[in-house]
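Enquirer: prediction below, plus the sequence it came from.
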Amino acid sequence: MLREAAARGTRLGLEAKRYMDTGALVPDEVVIGLVGERLHEPDAANGAVLDGFPRTVAQAEALDRLLRSQGAEIDRVVFFDVARAELLRRLTGRRICRGCGASYHVVFVPPRTPDVCDRCGGELYQREDDSEAAVMKRLDVYASQTAPLLDYYRSPGRAGRGPGRGRGGGHHGGHPQDGRRQGGAMILLKSARELERMRQAGRILAEVKDRLRALVRAGITTREIDVDVEAFIISRNARSAFKGYRGFPATVCTSINEEIVHGIPSSKRRLKEGDIIGLDLGCIVDGYYADCAITLPVGPVPPACRSCST
């Protein structure tokens with residue numbers, strides 16, 4: 001947006017260019033003015049997304065004042081929740097060809113031959129601003145200057161928070177009459193990789209539930225059930241979410257009949273005909289959790305009890 005305004009030669013664009021040409025940060029008042037101009041363009045009439053802005057609480061407060069002057073306000077705030085270690089992996093993995101300038105990534109877009117450009121055969125190198133030290137510094141700046149925006153937009157007393165109203169402009173995607181949509185709501189988005197890990201954990205537990213339906217029978221101990229389930233989860237390159245949590249000693253919570261929840265498996269607890277057992281468990285795949293529970297009858301049980309089990 002700054003480069004576009006500078007190319008058009010607007011007053012604020014030329015002001016921004018003066019700072020950019022010297023490598024200095026463009027002052028907030030200039031950026032806010034440019035945002036105001038941009039939101040008045042015809043293509044923003046029905047809404048727009050402000051990406052990478054605001055970056056500080058001061059900018060967010062200035063943006064709120066600008067939007068109020070236009071009779072509009074923020075409708076939604078989207079926060080991509082990515083672990084610091086994952087950001088380091090992404091940001092330090094870029095490699096550039098010294099010959100043709102082609103860009104690669106050691107994980108996501110690797111060259112066919114390590115450190116060699118697919119296009120021209122040139123040497124690939126890591127830019128200084130992609131080094132771990134440089135990225136760590138950028139993340140530290142983010143933590144001190146940008147992360148506080150989360151509390152700002154979550155604050156119920158924030159000025160300008162409320163149902164969307166007024167004309168569009170990136171900040172308003174609802175309808176004036178829709179009082180149920182509250183401005184400033186926080187939406188946490190996961191990456192495709194993170195969603196796949198969550199799905200993988202869920203698929204493992206779905207398989208465990210099928211396994212339990214066949215495993216639960218008269219004569220088996222709850223300890224034997226626990227050992228079988230733990231071994232199965234490990235065989236799927238996952239681990240128990242329960243074992244070790246606040247000292248819990250097992251993978252599965254096994255609650256029989258009148259026991260309500262969080263029963264501890266035991267080699268002395270042997271299932272018998274007519275029992276009803278509740279099983280609660282979870283697994284972790286690369287840090288992503290899934291959790292499930294199932295209630296099963298052991299052989300014939302009274303009809304009233306069977307209708308409550310699954």
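Expert: Looks like it came in fine.

Enquirer: on the pLDDT front, check Tyr142 for me.
Expert: Per-residue confidence (pLDDT) for Tyr142: 85.

Enquirer: ok, which stretches of the stretch 151-300 of the chain are helices?
Expert: For the stretch 151-300 of the chain, the helices defined by DSSP state H, counting those that start in this stretch cover 192-215, 222-235.

Enquirer: so which of the ones you listed gets nearest Gly274?
Expert: Among the helices of the stretch 151-300 of the chain, the nearest to Gly274 by CB to CB is helix 222-235 (15.8 Å). Heads up, the C-betas are built off the backbone N, CA and C, glycines and all.

Enquirer: and the closest one, what other elements does it pack with?
Expert: Packing contacts for helix 222-235, counted by 3 or more CB pairs under 8 Å, 6 or more residues apart in numbering; DSSP states H and E, involve helix 192-215, strand 239-240, strand 252-256, strand 276-285.

Enquirer: in its sheet, what does the second one sit against?
Expert: This points to strand 239-240. Using DSSP bridges, the strands paired with strand 239-240 are strand 276-285 (antiparallel).

Enquirer: and the partner strand, how far out from the chain middle?
Expert: Here strand 276-285 is found 24 Å from its chain centre; the criterion is CA atoms, centre = their mean, to the nearest Å.

Enquirer: so who does the spatially most central residue of the chain touch?
Expert: Per CA atoms, centre = their mean, the C-alpha nearest to the average position across the chain is that of Lys190, at 3.2 Å. Lys190 sits next to 81, 198 when contact means CB atoms under 8 Å, 6 or more residues apart in numbering.

Enquirer: roughly how far does Ser266 sit from Leu25?
Expert: Using CB to CB, to the nearest Å, Ser266 is found at 64 Å from Leu25.

Enquirer: before we move on, what about Gln59?
Expert: Gln59 sits 11 Å away from Leu25, going by CB to CB.

Enquirer: comparing the two, which residue is more hemmed in?
Expert: Under the criterion of other CB atoms under 10 Å, the comparison of Gln59 against Leu25 puts Gln59 first, with 18 against 9.

Enquirer: for the more buried one, which non-adjacent residue is closest in space?
Expert: Counting by CB to CB, 6 or more residues apart in numbering, Gln59 lies nearest to Asp28, which is 5.5 Å off, once chain neighbours are set aside.

Enquirer: same question for Arg239.
Expert: With sequence-adjacent residues excluded and distances taken as CB to CB, 6+ apart, Arg239 is closest to Ile284, at 5.3 Å.

Enquirer: for that neighbour, give the beta-bridge partners.
Expert: Where Ile284 sits in a bridge, its partners, by DSSP bridges, are Arg239, Tyr289.

Enquirer: same check, this time on Arg270
Expert: Per DSSP bridges, the residues bridged to Arg270 are Thr221.

Enquirer: number of nearby residues for it?
Expert: Residue neighbour count, defined by other CB under 10 Å, stands at 15 for Arg270.

Enquirer: ditto for the one 5 residues further on
Expert: By the criterion of other CB under 10 Å, Asp275 has 18 neighbours.

Enquirer: quick check: the residue lying closest to it once chain neighbours are set aside vs Ile220, distance?
Expert: Spatial nearest neighbour of Asp275, excluding adjacent residues (CB to CB, 6+ apart): Val298 at 4.1 Å. Going from Val298 to Ile220 by CB to CB gives 9 Å.

Enquirer: JSON lines for the helices and strands packed on helix 222-235, including mean pLDDT and mean neighbour count?
Expert: What follows is the helices and strands packed on helix 222-235, written out as JSON lines (pLDDT from 0 to 100; neighbours: other CB atoms under 10 Å):
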{"stretch": "helix 192-215", "mean pLDDT": "91", "mean neighbour count": "15"}
{"stretch": "strand 239-240", "mean pLDDT": "92", "mean neighbour count": "18"}
{"stretch": "strand 252-256", "mean pLDDT": "95", "mean neighbour count": "21"}
{"stretch": "strand 276-285", "mean pLDDT": "93", "mean neighbour count": "22"}
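
Enquirer: nearest to Ala293, of the ones you listed?
Expert: For these, the distance to Ala293 is smallest for strand 276-285, at 4.4 Å, taking CB to CB.

Enquirer: any low-confidence regions in the chain?
Expert: Across the chain, the ranges flagged by pLDDT under 70 are 156-188, 306-310.

Enquirer: now with 80, please.
Expert: Across the chain, the ranges flagged by pLDDT under 80 are 20, 22-25, 155-193, 287, 302-310.
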